[in-house]
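Engineer: after the sequence you'll find the predicted model.
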Amino acid sequence: VHFPGGKRPKICLTRRWPEAVEARLRVSYDVTPNETDIPLDPAQLAEAIRTHDALCPTVADAITREMLSAPDRRVRIIGNFGVGFEHIDLAAAREFGVAVSNTPDVLTEATADIAMTLMLMAMRRAGEAERALRSGKWGGWGPTNFLGQSLAGKTLGLVGFGRIARATARRAGAFGMRIAYHSRREAPDMPPHAYFADLGALAAEADVLSLHAPGGAETRHMVDAALLARMPAHAVLVNTGRGSLVDEAALALALKERRIAAAGLDVYEAEPEVHPALLDLPNAVLLPHLGSATIETRTAMGMKVADNLDRFFAGEPLLDPVG
Ligand code: DGY
C-alpha cells in the first residue's frame with residue numbers, strides 16, 4: 001500500500017504476530033516488533049504511544065487515559081489485535097481523537113469451538129477424568145465411574161446473543177440442546193430460541209449457562225453469589241467472554257460447596273492470574289484464554305488489523321471502528 005505523500009507510518013506491535021502478518025505489515029510500514037514476545041510494561045506502552053503513529057495492542061495491554069492524554073503523543077490509531085476492548089479507555093480515545101479498531105467476525109467460529117470444548121469437558125468431567133488417568137488413578141471401565149451429564153435434551157442459556165453466542169447456539173443445536181438466551185433486546189429473527197428478559201430467570205432455567213457479554217463496568221460481576229444461587233445444583237457455567245463478568249471468589253465457593261456442578265473457564269478476572277481457589281477444584285475446567293487460538297484465526301485477526309491500518313493511513317473510513 002502507498003500512503004499519501006509516500007509516508008511509511010511507524011507502527012508498534014506489542015507482541016509477536018503470525019509471521020505472514022508481520023511480513024505483510026513490513027511492506028508498507030516501519031514496524032517495531034516485540035522480538036522478546038514479553039508483554040510491554042505500562043512505561044514501555046506509554047513510550048510506544050509517544051513514538052509511533054499506530055499502536056497494535058492485545059487484551060493483555062491496558063491502554064489508559066494517562067497514556068492517551070500525553071501532550072507528546074504521536075499515536076493516532078489503536079489497531080487492537082482482538083475483538084474485545086475492555087482494556088482500552090475508549091472515552092479517553094474519543095476525547096483525544098485517537099481512532100480505535102478491533103477484529104470482529106474472524107474469531108467467532110474458533111471461540112464458539114472453545115465454548116463447546118468447555119461445555120463438553122465440564123459436562124462430561126473430561127478434565128477431571130484425564131487428570132485421574134495421568135496420575136495412575138484409573139482402575140478401568142466401571143458402570144458408575146466418572147459419570148457426567150449428557151448434552152442432548154438440555155437447555156443452553158446464552159448470556160448475550162451476539163456473533164459468538166449465535167455460533168455456539170448452532171453447535172449446541174447439533175448436540176440436541178434447546179437454546180435460550182438473555183440479552184438487552186429480543187432477537188425476533190431467531191425462533192425457536194427462548195428469550196429471557198431477566199438474567200436470573202434464565203439462570204434458574206438453564207442446564208448450562210454460557211457467557212457471551214462484553215466486559216466493562218456495565219457487566220462487571222453479572223455472575224455473582226446471588227445469580228449463582230439461582231442456578232440449579234446440576235448446572236454448569238461456561239465463560240469464554242471476559243473474566244470480569246464473574247465474581248471468581250463467589251464462583252469458587254459455589255463449586256466447592258457443589259451448589260453448581262461445574263464450570264468451564266477460558267478467561268479470568270486478573271489474567272494471567274487465576275484465583276487460587278479455582279486451581280484446587282476438580283470441577284473447574286481451566287483453559288488459558290484459548291478462544292481465538294488457531295493458526296487460521298490469529299492470522300486472520302492480524303490481517304484484519306492490517307486492513308484497518310491501511311484504511312486509516314489512506315484517509316479512508318475504518319472497516320471495524322470501535323467507540
Ligand atoms: C478477543 O479477541 O477479545 C480475545 O479475547 C483476545 O483479545
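Structural biologist: Done, it's in.
Engineer: going by C-alpha atoms from here, please, whenever you check contacts or count neighbours.
Structural biologist: Noted.
Engineer: count the neighbours of the closest residue to residue 256 other than its chain neighbours for me.
Structural biologist: Counting by C-alpha to C-alpha, 6 or more residues apart in numbering, residue 256 lies nearest to residue 281, which is 6.8 Å off, once chain neighbours are set aside. Taking other C-alpha atoms under 10 Å as the criterion, the count of residues near residue 281 is 17.
Engineer: hmm, residue 11 and residue 57 touching each other?
Structural biologist: No - using C-alpha atoms under 8 Å, residue 57 is not in contact with residue 11, being 10.7 Å away.
Engineer: which of those two has more neighbours?
Structural biologist: Set residue 57 next to residue 11 and count neighbours by other C-alpha under 10 Å: residue 11 wins out with 26 against 23.
Engineer: wait, a strand at the more buried one?
Structural biologist: Yes - when classified by DSSP: H, G, I helix; E, B strand; the rest coil, residue 11 is found to be part of a strand.
Engineer: near the ligand, which residues of the chain?
Structural biologist: Residues of the chain that fall close to the ligand, judged by C-alpha under 6 Å from any ligand atom: 58, 59, 82, 83, 84.
Engineer: and the gap between the third one and residue 281?
Structural biologist: Using C-alpha to C-alpha, to the nearest Å, residue 82 is found at 30 Å from residue 281.
Engineer: what do you get for residue 177?
Structural biologist: Residue 177 sits at a distance of 27 Å from residue 281 (criterion: C-alpha to C-alpha).
Engineer: then residue 182?
Structural biologist: Spatial separation of residue 182 from residue 281 under the definition C-alpha to C-alpha is 28 Å.
Engineer: just the C-alphas of stretch 2-13, formatted as PDB.
Structural biologist: Listed in PDB are the C-alpha atoms of stretch 2-13, where the atom choice follows Å, rounded to 0.1, in the frame of the first residue of the first chain:
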ATOM      1  CA  HIS A   2       1.300   3.500  -0.800                       C
ATOM      2  CA  PHE A   3       0.100   6.200   1.500                       C
ATOM      3  CA  PRO A   4      -0.400   9.900   0.700                       C
ATOM      4  CA  GLY A   5       2.900  11.700   0.400                       C
ATOM      5  CA  GLY A   6       4.800   8.400   0.200                       C
ATOM      6  CA  LYS A   7       4.900   8.200   4.000                       C
ATOM      7  CA  ARG A   8       5.700   4.900   5.800                       C
ATOM      8  CA  PRO A   9       3.800   5.100   9.100                       C
ATOM      9  CA  LYS A  10       5.600   3.800  12.200                       C
ATOM     10  CA  ILE A  11       3.700   1.100  14.000                       C
ATOM     11  CA  CYS A  12       4.400  -0.900  17.200                       C
ATOM     12  CA  LEU A  13       3.200  -4.400  17.700                       C
END
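Engineer: off-centre distance for it?
Structural biologist: Between the centre of stretch 2-13 and the centre of its chain there are 30 Å (C-alpha atoms, centre = their mean, to the nearest Å).
Engineer: also stretch 205-212?
Structural biologist: Using C-alpha atoms, centre = their mean, the distance between the centre of stretch 205-212 and that of its chain works out at 16 Å.
Engineer: buried residues in stretch 151-163?
Structural biologist: Taking 16 or more other C-alpha atoms under 10 Å as the neighbour-count basis, stretch 151-163 is seen to contain the buried residues 151, 154, 155, 156, 157, 158, 159, 160, 161, 163.
Engineer: can you get me the start-to-end distance on stretch 16-35?
Structural biologist: Across stretch 16-35, the straight-line distance between its terminal residues is 7 Å, by C-alpha to C-alpha.
Engineer: I misspoke; the intended subject was stretch 95-102.
Structural biologist: 18 Å.
Engineer: now do the contacts for the residue nearest the centre of the chain.
Structural biologist: Relative to the mean C-alpha position of the chain, the nearest C-alpha, by C-alpha atoms, centre = their mean, is the one of residue 241, at 4.2 Å. With contacts defined as C-alpha atoms under 8 Å, 6 or more residues apart in numbering, the neighbours of residue 241 are 211, 212, 213, 214, 215, 266, 267.
Engineer: sec struct for it, please.
Structural biologist: For residue 241, the secondary structure call by three-state DSSP comes out as coil.
Engineer: and it, its phi and psi?
Structural biologist: Dihedral angles phi and psi of residue 241 (degrees, to the nearest 10) take the values phi -90, psi -90.
Engineer: and residue 128, by the same measure?
Structural biologist: Its backbone dihedrals place residue 128 at phi -60, psi -40, with angles given as degrees, to the nearest 10.
Engineer: in this structure it contacts residue 283, no?
Structural biologist: Yes - look at residue 128 against residue 283 with C-alpha under 8 Å: they come within range, at 7.0 Å.
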